[in-house]
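Pasting the sequence and the predicted coordinates here, then a few questions.
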Amino acid sequence: MGCDMLHSLDKTEARWLSDSDKRSFVRFNTGFSVKNKERRIVGFGHPDLVLLLRNPANSVFIDGTFKMVPKPFVQCLIVMLLDAPVNLYVPAMYVLKDETTTPIWTH
């Protein structure tokens, strides 16, 4: 995933689920500075699945991987939930980080 792909996420059309469903699957695309170096966090998730994260009956789990990550990112966090009514584990969001030393929740 090069810089051109990152810039395309700023365009509305690139964020749509499909041509017929104009809801955004990009939940956030945030740049910030750490020690004078620009960093980026991008979060993806289907709106219906992200909505399930708000249900207090569902348990939420977070896992990360470093091996299967598109460049320029180095870590992918996977936010999973146990959808209690159907007793099914579902990946609700994916968060790409381009560095691992700063806790994601500080941004």
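Received, thanks.

Assign the spatially most central residue of the chain to helix, strand or coil.
Compute the mean C-alpha point of the chain, and by CA atoms, centre = their mean the closest residue is Gly43, 2.1 Å away. Under DSSP: H, G, I helix; E, B strand; the rest coil, Gly43 falls in the strand class.

repeat for Val50
helix.

Count the neighbours of it for me.
Val50: 17 surrounding residues under other CB atoms under 10 Å. Heads up, the C-betas are built off the backbone N, CA and C, glycines and all.

coming back round to it: identify the residues contacting the residue nearest to the centre of the chain.
Contacts for Gly43 were tallied using CB atoms under 8 Å, 6 or more residues apart in numbering; they are 26-29, 93-96.

Okay, strands next: where are they in this protein?
26-34, 37-44, 59-65, 75-83, 88-97 (DSSP state E).

Packing partners of the longest one?
Spelled out, that is strand 88-97. strand 37-44, helix 47-52, strand 75-83 (3 or more CB pairs under 8 Å, 6 or more residues apart in numbering; DSSP states H and E).

Then the shortest one?
With contacts taken as 3+ CB pairs under 8 Å, 6+ apart, strand 59-65 sits against strand 75-83.

list the buried ones in the strand it packs on?
By neighbour count on 16 or more other CB atoms under 10 Å, the buried set for strand 75-83 is 75-77, 79-81, 83.

would you turn those residues into a markdown table with distance to Gly64 and pLDDT?
Output for the buried residues of strand 75-83, formatted as a markdown table (distance: CB to CB, whole Å; pLDDT from 0 to 100):
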| residue | distance to Gly64 | pLDDT |
| --- | --- | --- |
| Gln75 | 6 | 91 |
| Cys76 | 7 | 92 |
| Leu77 | 5 | 92 |
| Val79 | 10 | 95 |
| Met80 | 11 | 96 |
| Leu81 | 16 | 94 |
| Asp83 | 21 | 88 |
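
Let me know the closest of those residues to Lys37.
Distance to Lys37, by CB to CB, is smallest for Gln75 among the buried residues of strand 75-83, at 15.9 Å.

Could you pull up the residues touching the closest one?
Contacts of Gln75 by CB under 8 Å, 6+ apart are 64-66, 69, 96-97, 99-100.
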